[in-house]
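1. model this:
(chains A, B, C and D)
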2 protein chains.
Amino acid sequence: MPFGQHEIAKKLDVSQGTISRALNGKPGVNPKLRKSILTEAKKLGYSLDTNFAARSMRHQALGLSQTTRVICAILPGSLDEFSFSGRFFKGLSTQAAQIACEVVLITHPIGQLPLIVSRGQVDGVVRLLGDLEIASGAVGCPTPWISLFWDIPEADLVTVGQEAAFWKIGRHLAQLGHRRVAFIGPEMPLARERRRGLAAGLALEDASPPVLLVFEKPFAANPVDTRLLVDEVLALPEPVTAIAAYNDYMAVCAIDELESRGVQVPAEMSVTGFDGAVPSGLRGHDLTTVALPLEALGAESVNLLHQRLQNPDGPRRKLILETEFMEGRTAAARVAKA
Amino acid sequence: MPFGQHEIAKKLDVSQGTISRALNGKPGVNPKLRKSILTEAKKLGYSLDTNFAARSMRHQALGLSQTTRVICAILPGSLDEFSFSGRFFKGLSTQAAQIACEVVLITHPIGQLPLIVSRGQVDGVVRLLGDLEIASGAVGCPTPWISLFWDIPEADLVTVGQEAAFWKIGRHLAQLGHRRVAFIGPEMPLARERRRGLAAGLALEDASPPVLLVFEKPFAANPVDTRLLVDEVLALPEPVTAIAAYNDYMAVCAIDELESRGVQVPAEMSVTGFDGAVPSGLRGHDLTTVALPLEALGAESVNLLHQRLQNPDGPRRKLILETEFMEGRTAAARVAKA
DNA sequence: CTGAAAGCGCTAACAT
DNA sequence: ATGTTAGCGCTTTCAG
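-> Numbers count the residues shown, from 1 in each chain, chains lettered A, B, ... in the order given. Sure thing, here's the model as predicted:
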């Protein structure tokens, strides 16, 4: 069914090599002949992409640049991440268009790279690793790639200031009068950065020293573990008045658990999140959180990747973007105890 | 930088053909030798995908099935569609995993197919065409493909019952006492189906005959045109009490316009949408609408595509799924005029 | 300006 | 059981 340059060559009674020259815009083809070749190719629906495999094989043989003009974004597969993915993907696609590239999105088939990546059909990859992959350490990639949020030695990094973001949350809670706060999250380096910022934000000078209690489990960013952590928080002999969650997803799960146990949010317990990407199935919570600059993260990822492709041996780069505090309705002023 | 089977052959001092046989699991290789070949390949990081281009070229030469195990979903590029895309993509990916395929998502580079499609790097395509493409009629595709919602002769169809869905909206509005209703939408075949269902739903037997006023413009599913249509509706000498929009996006835009002109929703004007995919930037409206079965649409698209790939010359198929009416807070009972 | 031919890595048919 | 070879469609070099 597919056909090649030979087909056009036969029709025009020239050699197949000439067709190649004409289609590639190489010099040394009679302008008249070239025009008729281009016409015939269009008529037959032939383009140099028609037999892309052969072409790229030949390019490889000649050590040519082998650029595919395609970038692959790999994101965790859970539906809950998709309000994240939407705006991020928009940023990726828009910026990619600026450098004449396309972006394809794929949710991660765990434990291995997507086929189009392992087959070398993309120039580069932008990737948000999941907790499990970080833990397993299996993060190879045959092309240059950008890591989102996780600082991986072999990849360039695009992230946000974690400490600064949680400092904003801490300060907000402090201003609301909260002095005993629980942090719930997974046992990960990112969680450590976040609670460090939180502690700093809580430590406003003109208030009593804050108490930050940390509740962490290995892979806690799921409903079951979040509920367990919340239960632990509620079982404290001396209660806290606020829970700062590792991310919005955990915050929403925590609110569910609190409400199901009869604890009013924010009247009896303030809850904050992080990332501004509340699962769409759980609307209306109007979470107090810190929003990620999702479009910018996408756009800058493409920028950094592009620079890396231009200069494969350049120094590794890290880009840290700013976050924005979002006041919602899940954190309120601490009420004095009875 | 890339290397081939020849590299392994040299290391083990066998012929390259034997490497090929071993890696492809063909008979006629000494089990011991095979094992050492597999081990060496793994050590060197070689797989049959390493030089995918050469392999698929050879397959083509032999007329083999040429299956890439990759499906491409092409959706309109606007951010506003993404709450749609998320659940739909989830359905696609989940079902694709069942047939050992991967799905990549790409937002549409207008006027041409994505590179991975035109290069023949995917087995099939699932595609939601935009208004403009429908109008321009340029819908070619080198692989089998599924069209979402739009009935295109050359593709299988996965859609929902448009008339039935709007019948539910019409009935709901009728039950709330609305007899004069405006439909706003683009000038498209789908819009005609929708308002036909709407008219039927409004025509409850035990009520006065309804009046359905139609306001359509060529490509009206955007904020500017929606506002203009709403203005036209508000300028009617004899006012309507409800606006049924072509989709949720137009409904949300319409509500914005109404509120900016001091018209209370739903107190003074009821508004309904369609598709259950409210743009995430415009939450909290709690739209009265009909929800699409997005996961099912995705899953069934993959199913149908899979069947088509199994049986390329089978009859064209259309799959029509059911919708679900969602009572929200933007449609209320008609209040008696002063 | 154009044709002829080499050769990219792979698979399978044929030879040993 | 293993080695050898043809040839997929393409780009480029070398002849003419």
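
2. contacts and neighbour counts: CA atoms only from here.
-> Will do.

3. residue numbers of the stretch 1-150 of chain A in contact with DNA strand C?
-> Near DNA strand C, the residues belonging to the stretch 1-150 of chain A are A:13-18, A:27-31, A:33, A:54, A:57-58, A:60-61 when assessed by CA under 7 Å from any atom of the strand.

4. again, 6 Å this time
-> Contact residues of the stretch 1-150 of chain A with respect to DNA strand C, defined by CA under 6 Å from any atom of the strand, are listed as A:Val14, A:Ser15, A:Gly17, A:Thr18, A:Gly28, A:Val29, A:Asn30, A:Leu33, A:Met57, A:Arg58, A:Ala61.

5. A:Ser20 versus A:Ala9, what's the distance?
-> With distances defined as CA to CA, to the nearest Å, the gap from A:Ala9 to A:Ser20 amounts to 10 Å.

6. these two: which has the busier surroundings?
-> Neighbour comparison, A:Ala9 and A:Ser20: the larger count goes to A:Ala9, with 19 against 16 (by other CA atoms under 10 Å in any protein chain shown).

7. phi, psi of the more buried one?
-> When quoted as degrees, to the nearest 10, the phi and psi of A:Ala9 stand at phi -60, psi -40.

8. list the contacts of it.
-> Applying CA atoms under 8 Å, 6 or more residues apart in numbering or on different chains, one finds that A:Ala9 lies in contact with A:Ser15, A:Gln16, A:Thr18, A:Ile19.

9. all strands for the stretch 151-300 of chain A, in order.
-> Along the stretch 151-300 of chain A, counting by DSSP state E, counting those that start in this stretch, strands occupy A:156-160, A:180-186, A:211-217, A:242-245, A:270-272, A:289-291.

10. and the last one, is it in reach of chain B?
-> It stands for strand A:289-291. No. Judged by CA under 8 Å from any CA of the partner chain, strand A:289-291 stays clear of chain B, getting no closer than 13.0 Å.

11. packing partners for that strand?
-> Contacts of strand A:289-291 with other secondary structure elements, assessed using 3 or more CA pairs under 8 Å, 6 or more residues apart in numbering or on different chains; DSSP states H and E, are made with helix A:162-175, strand A:324-326.

12. got a quick PyMOL command for the buried subset of the contacts of A:Ala9?
-> Only the buried entries of the contacts of A:Ala9 go into this PyMOL selection, using 16 or more other CA atoms under 10 Å in any protein chain shown:
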select buried, chain A and resi 16+18+19
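
13. now, which of the contacts of A:Ala9 sits nearest B:Gln264?
-> B:Gln264 lies nearest to A:Ile19 out of these, by CA to CA, at 66.7 Å.

14. which of the three states applies to the closest one?
-> Under DSSP: H, G, I helix; E, B strand; the rest coil, A:Ile19 falls in the helix class.

15. closest one to DNA strand D among the helices and strands packed on strand A:289-291?
-> Relative to DNA strand D, the nearest member of the helices and strands packed on strand A:289-291 by CA to the nearest atom of the strand is helix A:162-175, separated by 47.3 Å.

16. and the contacts of that closest one?
-> Judged by CA under 8 Å, 6+ apart, the contacts made with helix A:162-175 from elsewhere in the structure are A:190, A:193-204, A:242, A:272, A:289-290, A:322-325, A:331.
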